[in-house]
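[1] here is a sequence together with a model predicted from it:
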Amino acid sequence: MDKLTSQQRSKCMSRIRSADTKPELIVRRWLWSRGYRYRKNCRRLPGTPDIVLRRYGAAIFVHGCFWHGHESHLRLPKTNVEFWEKKIARNRERDEQNKAKLREMGWSVLTVWECQLRPPVRHATLMEIESFLNRSFLARHGDVKKVRSYSYGEEVVPMAAEPEE
């Protein structure tokens, strides 16, 4: 049994944000501090990704575990269970369709879950996002050989991290 009246519950639920959530702000602030420039909530793309990095060909969704049904720890409310099961199933289905459309359009897609941004694992998640962006950039801009050396005057020097061919 719900402790709130339907009007109180409606008021509570209407205050839940769909954009500029705390997990999104964590990711966006970190990306900005690392020099990544992005667009937020790009409505022209399927699913309105939370963060879009055109230069990298990457779309990032930052999902709340409850609203998008993160299976590892999903707990449905005890009231109106049938409604919530259908709603979360629809959200999951729509998420998958939108990601598939984005991939067909040539975008790399990453989903970051709210639970992955909790303090104990936040740094690892943010580093994985950066790795994802680097892979997306290389995949999008193709020829890695262009990046494998730099010139110093007349001399061409191979990059330190790349093996010489």
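    That came through, no problem.

[2] show the pLDDT at the residue nearest to Ser108 when sequence neighbours are not counted.
    Computed as CB to CB, 6 or more residues apart in numbering, the closest residue to Ser108 that is not its neighbour in sequence is Ser136, at 4.0 Å. All C-beta spots, glycine's among them, are computed from the backbone N, C-alpha and C. According to the predicted model, the pLDDT of Ser136 comes to 90.

[3] where does Ser136 fall, secondary structure wise?
    Taking DSSP states H and E as the criterion, Ser136 maps to helix 122-141.

[4] can you give me the buried ones in that helix?
    Of the residues in helix 122-141, those scored as buried under the neighbour-count criterion (16 or more other CB atoms under 10 Å) are Thr125, Leu126, Ile129, Phe132, Leu133, Ser136, Phe137.

[5] repeat for stretch 81-93
    Buried residues in stretch 81-93, counted by 16+ other CB under 10 Å: Trp84, Ile88, Asn91, Arg92.

[6] average pLDDT for the strand or helix carrying the second one?
    Here Ile88 sits within helix 81-104, counting by DSSP H and E. The predicted model gives helix 81-104 an average pLDDT of 93.

[7] could you list the residues in contact with it?
    Outside helix 81-104, the residues that touch it by CB atoms under 8 Å, 6 or more residues apart in numbering are 45-47, 49, 59, 61, 63, 66-69, 74, 76-77, 109, 111.

[8] swap in stretch 120-128?
    With contacts defined as CB under 8 Å, 6+ apart, stretch 120-128 is touched by Ile26, Val27, Trp30, Val112, Gln116, Leu117.

[9] count the neighbours of the last one for me.
    Meaning Leu117. 19 (other CB atoms under 10 Å).

[10] isn't it right next to Pro23, touching?
    Yes: applying CB atoms under 8 Å as the test, Leu117 and Pro23 come out as touching, 4.8 Å apart.

[11] distance of Phe83 from Lys40?
    Taking CB to CB, to the nearest Å as the criterion, Phe83 is separated from Lys40 by 30 Å.

[12] could I get the phi/psi values of Arg44?
    The phi and psi torsions at Arg44 (degrees, to the nearest 10) take the values phi -80, psi -20.

[13] common neighbours of Leu117 and Pro23, please.
    Contact criterion CB under 8 Å, 6+ apart; residues shared by Leu117 and Pro23: Val62.

[14] how about the helices in this protein?
    6-14, 22-33, 81-104, 122-141 (DSSP state H).

[15] for Arg54, find the nearest of those.
    Comparing the helices of the chain by their distance to Arg54 (CB to CB), the top pick is helix 122-141, with 9.8 Å.
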